[in-house]
Each structure stands twice: as C-alpha cells, then as structure tokens.
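1. sequence? don't have it. structure:
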C-alpha cells in the first residue's frame with residue numbers, strides 16, 4: 001500500500017466525517033520538499049513538487065494550480081504611481097468573497113488569469129484567522145504575484161496584526177479547523193507557517209508599510225509617536241521584519257526604535273486612532289503625509305460604518321469591512337477617480 005493511501009486510511013479512521021479539506025502546506029525537511037493536502041478522506045502527499053494544486057470540493061470550478069517560486073525576495077518599499085490600483089484588506093480566509101471581488105474589479109477572470117494589465121493590487125493586511133480558507137487565499141495571492149509581474153503590474157501583500165499574531169504564537173482568533181489540521185498532520189499549529197514552510201517563508205519576506213505613488217499603504221495607521229521617530233520607510237520594514245515571529249519580544253524588544261512598532265497604541269499593525277478615541281488630529285495625519293511625501297494613507301484593521309470610504313478630508317482611506325458577515329468591498333482607483341466596488345461589480349463613487 002502506498003504511503004499516501006495508508007495515511008488517508010488511518011486519518012479517515014481517526015477523524016471520521018468531521019475531517020475537512022485544507023491546504024496545501026509545503027514543508028522543507030532534511031533537504032526534501034513535501035506538499036501535503038488534507039482532504040475529507042485523508043492526506044495526500046507529493047515529493048519535490050514544482051507546483052501545488054489548490055482544490056475546493058464543493059466548487060471544483062474554483063480549483064487552481066500554483067507554481068512554486070525558485071526564490072523568494074523581499075519586495076521594495078516604494079513604487080511609482082500606477083494608472084490603476086485595487087485596494088482590499090482583512091480577507092482573513094474568506095475565499096469566496098475575495099475571489100468574487102477580484103473578478104468584479106477586473107483583476108482576474110474566472111479562470112484566475114490576470115486581467116489588470118499594469119495595474120497594482122494592494123492587500124492591506126490580515127490574511128489569517130476566522131475564515132475557512134486561509135491557506136487557499138494565500139496561495140492565490142502567491143500565484144497572482146507571479147501573474148502580475150509577467151503583465152507589467154504588481155501585487156502587494158502587506159502584513160497586519162493577525163498575520164504577526166499567527167507567526168508569533170498568538171492564536172486567540174484562529175479558526176478551530178486549523179488546529180485540527182495540524183493534529184491530523186502530527187504537528188503543532190505553529191509548524192504550519194514556520195521557517196521550514198513555503199508560506200511561512202513567503203510571509204516573512206513581506207513589508208509592514210509601502211509607498212505606492214501617492215499612497216502610504218499599511219494595515220492600521222501611523223500613530224503620532226511613529227511620526228516623531230522620523231524613520232525612513234525602508235528602515236521601518238528592516239527593523240520590523242526580524243520580529244514578526246518573536247512572540248515574547250512583541251511585548252518590548254528593549255530598543256525604543258523598534259518597541260513602538262509592536263506596541264498596540266502605536267503599532268503600524270494595531271493603531272486605531274483614525275477611527276476611535278483618542279483620535280489623531282488632522283495636523284497629525286497631515287504630518288504623516290508630509291513626512292512620507294504622499295497624498296493619503298490607506299488602511300484596513302478597523303471596521304466602521306463609513307467603510308469603504310475617505311476620512312480627514314480625503315487624507316485617509318479606510319478599507320476594512322466585515323468579510324465574515326458577507327460584506328465584500330474594495331476600493332478601485334482608475335483614471336484619476338475613486339470608486340467603491342462590491343463582489344457583484346456594483347460601483348459607488350467615493351467622494352473626498
């Protein structure tokens with residue numbers, strides 16, 4: 001009996017009808033590359049894959065394959081202004097809405113072909129936790145990064161607080177399905193995204209903040225305390241990246257130039273001062289724009305009734321909506337105009 005079939009039989013006996021589809025997960029062990037996908041009947045395993053298959057038993061038309069990259073590179077921090085940009089945040093494993101929004105926004109077609117030309121897509125953080133298809137969403141981002149570059153466009157994935165939480169061991173909001181998946185694989189949950197996995201390595205290359213033309217893009221916001229550091233954006237990313245997966249150090253690394261980025265009140269991942277008290281003043285927001293030479297700050301993280309929408313006279317664009325409540329919206333900049341778009345393709349002009 002093949003190893004894959006034996007694993008499927010044993011797993012099926014252990015977990016029964018409650019076992020769910022999940023993955024794939026790609027591991028690097030003892031010089032070998034192993035891709036594992038969990039299904040309702042067991043675990044499939046492939047050695048030395050050049051690509052992985054992402055499947056949806058209830059929606060086979062959603063299935064896709066992803067070529068594994070020969071090398072993972074840290075992206076740049078600053079980019080020229082594109083003619084069109086699609087902004088979304090807080091996907092958190094809600095694949096159906098995510099896919100529908102990308103199709104509605106003209107980013108891809110139903111077969112996942114890139115249809116956005118030289119446009120850019122920006123995901124302002126929070127890939128993990130409550131949704132049922134977290135790795136599947138990440139694999140789609142991973143795939144579309146490659147498609148975008150081939151077309152002269154670009155895909156930006158910026159990390160949020162839930163991403164840093166998962167990498168660093170704070171699993172308060174993890175969907176229980178993923179703990180079960182780890183158990184079925186004979187692993188701890190933290191092993192699914194450690195430095196010996198493809199998605200774990202990929203996540204660790206990502207930035208916390210990027211300047212894309214006139215837009216400063218991040219997950220939560222720029223607190224006044226961060227303004228006072230007067231730190232270049234590339235330095236911010238360099239200082240934050242080594243601590244993405246250091247749980248204990250997130251409470252204070254002993255370096256004032258780093259601590260501020262991992263403290264809830266000031267963190268680029270956690271700050272809520274654009275939407276909740278104590279609110280940032282307009283002067284403080286304007287100071288952030290002046291420091292980084294942009295016209296607006298684009299963030300997710302905080303759900304408020306006005307999202308997707310502009311605040312502070314157009315200086316802040318809030319993206320976060322409740323994806324888990326089937327509210328799927330994004331912002332689209334094209335030909336100098338801003339619109340809000342939903343998964344049905346309905347568009348609403350966004351006034352500054």
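-> Nice, thanks for sending it over. Every value quoted in this text rests on a predicted model; they were computed, and no experiment measured them.
2. now the helices for the stretch 101-250 of the chain?
-> Secondary structure of the stretch 101-250 of the chain (DSSP state H, counting those that start in this stretch): helices at 134-150, 161-168, 176-184, 198-204, 224-229, 233-240.
3. angle of the longest one against helix 161-168?
-> Read that as helix 134-150. If you take axes from the mean of the first three to the mean of the last three C-alpha atoms, to 10 degrees, helix 134-150 sits at 110 degrees to helix 161-168.
4. same question, the last one
-> With the same axes, to 10 degrees defining the directions, helix 233-240 sits at 40 degrees from helix 161-168.
5. list the buried residues of the very next helix or strand once past helix 233-240.
-> The helix or strand immediately downstream of helix 233-240 is helix 256-259, counting by DSSP states H and E. Using 16 or more other C-beta atoms under 10 Å as the test for burial, helix 256-259 gives 258-259. (Each C-beta comes from the backbone N, C-alpha and C, glycine too.)
6. same question for helix 256-259, mean pLDDT?
-> The average pLDDT for helix 256-259 rounds to 76.
7. pick the most buried one from the helices of the stretch 101-250 of the chain.
-> Comparing these by mean neighbour count (mean count of other C-beta atoms under 10 Å), helix 161-168 ranks first with a mean of 24.
8. got any ranges where the stretch 201-350 of the chain has weak pLDDT?
-> Scanning the stretch 201-350 of the chain for pLDDT under 70 picks out 247-254, 256.
9. what do you get for the stretch 1-150 of the chain?
-> The stretch 1-150 of the chain contains residues with pLDDT under 70 at 1-18.
10. among the helices of the stretch 101-250 of the chain, which comes closest to residue 316?
-> Smallest distance to residue 316 across the helices of the stretch 101-250 of the chain (C-beta to C-beta): 14.0 Å, for helix 224-229.
11. distance from stretch 307-323 to the middle of the chain?
-> Relative to its chain's centre, stretch 307-323 lies at 18 Å (C-alpha atoms, centre = their mean, to the nearest Å).
12. ditto for stretch 112-122
-> On the basis of C-alpha atoms, centre = their mean, stretch 112-122 sits 16 Å off its chain's mean C-alpha point.
13. contacts for it?
-> Contacting residues not belonging to stretch 112-122 are listed as 64, 79, 82-88, 102, 105-109, 140, 143-144, 147-148, 150-156, 158, 210, 212, 215, 217, 298, 334 [C-beta atoms under 8 Å, 6 or more residues apart in numbering].
14. from residue 279, how far out is the closest residue to residue 267 other than its chain neighbours?
-> Once flanking residues are discounted, residue 267 sits nearest to residue 261: 5.7 Å by C-beta to C-beta, 6 or more residues apart in numbering. Distance of residue 261 to residue 279, given as C-beta to C-beta, to the nearest Å: 21 Å.
15. the more surrounded of the two?
-> Shown here are residue 261 and residue 279; by other C-beta atoms under 10 Å, residue 261 has more neighbours (27 against 14).
16. tell me if I am right that that one is in a helix.
-> Yes. Assessed with DSSP: H, G, I helix; E, B strand; the rest coil, residue 261 lies in a helix.
17. show me what contacts it?
-> Contact analysis of residue 261 by C-beta under 8 Å, 6+ apart lists 208, 226, 236, 239-240, 267-269.
18. can you tell me which residue is nearest the centre of this structure?
-> Against the mean C-alpha coordinate of the chain, by C-alpha atoms, centre = their mean, the closest residue is residue 127 at 3.8 Å.
19. among the contacts of stretch 112-122, name the buried ones.
-> Listed as buried from the contacts of stretch 112-122 are 64, 79, 82, 84-88, 102, 105-108, 140, 143-144, 147-148, 153-156, 158, 210, 212, 215, 217, 298; burial here means 16+ other C-beta under 10 Å.
20. do a quick rundown of the strands in the stretch 201-350 of the chain.
-> Taking DSSP state E, counting those that start in this stretch as the criterion, the stretch 201-350 of the chain contains strands spanning 209-212, 215-218, 296-299, 309-311, 316-318, 329-334, 337-342, 347-349.
21. which stretch among the ones you listed comes nearest residue 34?
-> strand 209-212 (32.7 Å).
22. strand partners (parallel or antiparallel) of that closest one?
-> Each strand paired with strand 209-212, and its direction, by DSSP bridges: strand 78-79 (parallel), strand 215-218 (antiparallel).
23. ok now that strand, how far from the chain's centre?
-> Average the C-alpha atoms of strand 209-212, do the same for its chain, and the two points are 15 Å apart (C-alpha atoms, centre = their mean).
24. name the residues that touch it?
-> Contacts for strand 209-212 (C-beta under 8 Å, 6+ apart): 75-79, 81-82, 85, 120, 122, 156, 158, 216-218, 233, 236-237, 268, 292-294.
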